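A.B. asks: Predicted model follows, preceded by the sequence.
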Amino acid sequence: MEMEHTNFVYDLIGTNTIAYILLALLPMLFLLPYALVAILGELKISAWIQERLGPMRTGWKGVLQPLAEVVKLLQKEDITPSAVNKPLFNLAPFVMFAGAYAAYAVIPFSSVFIPSGINIGLFYVFAVSAFGVIAIVMGGWASNNKYSLLGAMRAASQMISYEIPIAVTILAIATLAGSLDMQTIIVKQGGGFWNWNLFGGPGGIAKLWVIPFTIILFVVYFVGSLAEINRVPFDIPEGESEIVAGYHTEYSGMKFAMFFFAEYSNMFIVSAIITVLFLGGWQSPFGDFLNGPIWQSLWFVSKAMIFVFMQIWIRWTLPRLRVDQLMHVTWKVMLPISFVAFFAVALWAMLSV
Amino acid sequence: MKYFKDIWTSLYTIFVGLKITGFHLFEKKVTMQYPDLVHPIKDNLIPLNSRNRIEVDMNRCDGCGSCARACPVNCIEVDLVKVTPGDDIPLFYDGKPRKTWVTKYNLDFAKCCFCSLCIEACPTQANRMTQEFEYAEYDRNNLLYMMSPLTPEEAEVKKKMWADYSAAKKKADAEAKAAAEAKAAAEAKANEADKQ
């Protein structure tokens, strides 16, 4: 089935070049304040978990601390070591950020706003997320530093391995929803939280048997997404205690800030994808209650921010995995389990048509 | 079966850890905002091995220089002069008369390594650690503490007084000695004459 989705920018100023440029810049308008909030969240939550207060001196209770950190990073000297491969070294942070920002093209913030309503949204997100691997390998190789190279190699092996269970999960949801279009997947989950894909998608009492499998897929996707964006406990590419700082050892100033910014941007993307896939995207949890276009964006962002919070919470709880444990988790645990869950979900999708 | 049990254990333990950190998230914070709130010192007692600003009680110090010799970084300089007889006699903390004026007691905190060896070395327990730890200065010279009870001028006066007195005494001694020698020589001569 084909669904037509309107975009409020097109409705306002028509389908022209200005509208396209505006659509390309709108996610940035969200991303910049989000990054500040996420950095503050990281600082404050890490402090509170350790029973500290965190930054308290910049502004009221230290709320301006992320701004101060950004200004500090901008002011820092931009060092390019003499032994690096200059073009690759300078390009890597921008490739990283371009990959992170490109994914925002298909993030549906509301039923009337998705920067690009392409019908292969999920596939597109999956494709551009591979940019991160390229950028990390570029940066690690160009740095001409053994630690950087080790970090880049670890990042490449880890991200490629974890993409497979994630792909199987996305495939399962695509099968369940019958579409790769973000808006279609979300629209199908409408009508209350019991219709979310986390609870087996829409369906009668018969869907009960598939709920465990969708929850397993949800867990697999969440764990895989942590590894995909190099968050703790899967931060072996930048394990400070082992390989200095991994692929960004040689980076400083603005270029390091780009890596940093891309990491926070990626955190939101995977949270947004998990929201779209399992938690009904912009759908209100209570059917048509508070389900207007503005409310929808609020629901979407708050659902995604819960997962950003979860990522920060997990970061300050779990220790880092060893490389062999990491590979064990992905190849021997997540992959077979996601296959089984995929099989079950596919069976359900086939039977319920 | 071990396979599923391991998966369950790892998931379960993750949630245990999340629960612990989640509770800590809302617990009372232990941080004290230092310059605004200072941690109270319990019972007004300093901890045994705390290292703070050193205070010298000049009523106890008799300028023996044990601290200066004990100091591994030579940050203490002590100088003293004897009390001239006839001058007003200074008293110790316990009312006993003292025999010396401490004309110089310079403690250079810029050099101090807080080993507290001077405190152990002091025979009269004049040196001690205080509870004061906020004494940063913008100028290094402000860290040179001059603790002598006398001003430099007074110290000069006392030194001159003792020098004059000792010179006069030396002179008197020399005269007395010369007189005694002359007398002895005369007696010896007389004895010799008696024998013969």
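C.D. replies: Okay, I see it.

A.B. asks: Show me the residue sitting in the middle of chain B in space.
C.D. replies: By CA atoms, centre = their mean, chain B has its centre lying nearest to B:Asn127, at 4.0 Å.

A.B. asks: remind me, longest helix of chain B?
C.D. replies: In chain B, assigned by DSSP state H, the helix with the most residues is helix B:152-195.

A.B. asks: looking just at contacts, which helices and strands does it meet?
C.D. replies: If contacts are counted by 3 or more CB pairs under 8 Å, 6 or more residues apart in numbering or on different chains; DSSP states H and E, helix B:152-195 sits against strand B:76-82, strand B:100-108. Where you see a C-beta, it was placed from the backbone N, CA and C, and this is true even at glycine.

A.B. asks: For chain A, find the nearest of those.
C.D. replies: strand B:100-108 (33.3 Å; CB to the nearest CB).

A.B. asks: For the helix or strand just after the closest one, buried residues please.
C.D. replies: As assigned by DSSP states H and E, the chain's next helix or strand after strand B:100-108 is helix B:117-121. Residues B:Leu117, B:Cys118, B:Ile119, B:Ala121 are the ones in helix B:117-121 that count as buried (16 or more other CB atoms under 10 Å in any protein chain shown).

A.B. asks: From B:Lys111, how far out is the last one?
C.D. replies: So the one you mean is B:Ala121. Counting by CB to CB, to the nearest Å, the gap from B:Ala121 to B:Lys111 is 17 Å.

A.B. asks: ok, and the closest non-adjacent residue to the residue in the stretch 151-300 of chain A that chain B sits nearest to?
C.D. replies: For the stretch 151-300 of chain A, the residue closest to chain B is A:Val219, as judged by CB to the nearest CB, at 7.6 Å. Excluding the flanking residues, the one nearest A:Val219 by CB to CB, 6 or more residues apart in numbering or on different chains is B:Leu11, at 7.6 Å.

A.B. asks: okay, that neighbour: pLDDT?
C.D. replies: pLDDT for B:Leu11: 88.

A.B. asks: my hunch is that it is in a helix, does that hold up?
C.D. replies: Yes - assessed with DSSP: H, G, I helix; E, B strand; the rest coil, B:Leu11 lies in a helix.

A.B. asks: How far off centre is stretch A:341-353?
C.D. replies: On the basis of CA atoms, centre = their mean, to the nearest Å, stretch A:341-353 sits 26 Å off its chain's mean C-alpha point.

A.B. asks: hmm, it touching chain B?
C.D. replies: No - Stretch A:341-353 lies out of reach of chain B by CB under 8 Å from any CB of the partner chain, never closer than 13.0 Å.

A.B. asks: Flag every buried residue along that stretch.
C.D. replies: Buried positions in stretch A:341-353, judged by neighbour count with 16+ other CB under 10 Å: A:Ala341, A:Phe342, A:Ala344, A:Val345, A:Trp348, A:Ala349.

A.B. asks: Look up how far chain B lies from the third one.
C.D. replies: Going back to what we said before, that points to A:Ala344. 16 Å (CB to the nearest CB, to the nearest Å).

A.B. asks: Return the residues in contact with that residue.
C.D. replies: Contacts for A:Ala344 (CB atoms under 8 Å, 6 or more residues apart in numbering or on different chains) come out as A:Val210, A:Phe213.

A.B. asks: Close to chain A: what parts of chain B are there?
C.D. replies: B:7, B:11, B:14, B:17-18, B:20-22, B:24-31, B:33.

A.B. asks: 7 Å instead?
C.D. replies: B:Ile7, B:Ile14, B:Gly17, B:Leu18, B:Thr21, B:His24, B:Leu25, B:Glu27, B:Lys29, B:Val30, B:Thr31, B:Gln33 (CB under 7 Å from any CB of the partner chain).

A.B. asks: which one of the residues you listed has the most neighbours?
C.D. replies: The residue in the residues of chain B next to chain A with the most neighbours, by other CB atoms under 10 Å in any protein chain shown, is B:Thr21 (19 neighbours).

A.B. asks: quick one: what helix or strand has it in it?
C.D. replies: Counting by DSSP H and E, B:Thr21 is part of helix B:2-25.

A.B. asks: Next secondary structure after that helix?
C.D. replies: strand B:54-56.

A.B. asks: Give me the contacts around that next one.
C.D. replies: Applying CB atoms under 7 Å, 6 or more residues apart in numbering or on different chains, the external contacts of strand B:54-56 come out as B:Tyr105, B:Leu107, B:Ala126, B:Asn127, B:Arg128, B:Met129, B:Thr130, B:Met147.

A.B. asks: would the fifth one count as being in a strand?
C.D. replies: It refers to B:Arg128. Yes - assigned with three-state DSSP, B:Arg128 falls within a strand.

A.B. asks: you'd agree it is up against B:Ile119?
C.D. replies: Yes - counting by CB atoms under 7 Å, B:Ile119 is a contact partner of B:Arg128 at 6.2 Å.

A.B. asks: got the contact list for the residue nearest the centre of chain A?
C.D. replies: With distances taken as CA atoms, centre = their mean, A:Val270 lies nearest the centre of chain A, 2.0 Å away. When contacts are counted by CB under 7 Å, 6+ apart, A:Val270 touches A:Ser225, A:Glu228, A:Ile229.

A.B. asks: which element is the first one on?
C.D. replies: To tie it back to what came earlier, the one meant is A:Ser225. Using DSSP H and E, A:Ser225 falls within helix A:211-228.

A.B. asks: Just the angle for that helix relative to helix B:2-25, thanks.
C.D. replies: Put simply, helix A:211-228 runs at 70 degrees to helix B:2-25, going by axes from the mean of the first three to the mean of the last three CA atoms, to 10 degrees.

A.B. asks: So for helix A:211-228, what gets flagged as buried?
C.D. replies: Buried residues in helix A:211-228, counting neighbours by 16+ other CB under 10 Å, are found at A:211, A:213-214, A:216-228.

A.B. asks: For it, which helices and strands make contact with it?
C.D. replies: Packing partners of helix A:211-228 (3 or more CB pairs under 7 Å, 6 or more residues apart in numbering or on different chains; DSSP states H and E): helix A:146-177, helix A:253-278, helix A:335-351.

A.B. asks: what's the next secondary structure element after the lowest-mean-pLDDT helix or strand in chain B?
C.D. replies: When the helices and strands of chain B are scored by mean pLDDT, DSSP states H and E, strand B:127-129 comes last with a mean of 82. Remark: after strand B:127-129, the chain's next helix or strand is strand B:144-146, criterion DSSP H and E.

A.B. asks: Sheet-wise, list the partners of that next one with their directions.
C.D. replies: When pairing is defined by DSSP bridges, strand B:144-146 lines up against strand B:100-108 (antiparallel).

A.B. asks: could you give the angle of the partner strand to strand B:76-82?
C.D. replies: Interaxial angle of strand B:100-108 relative to strand B:76-82 (the same axes, to 10 degrees): 170 degrees.
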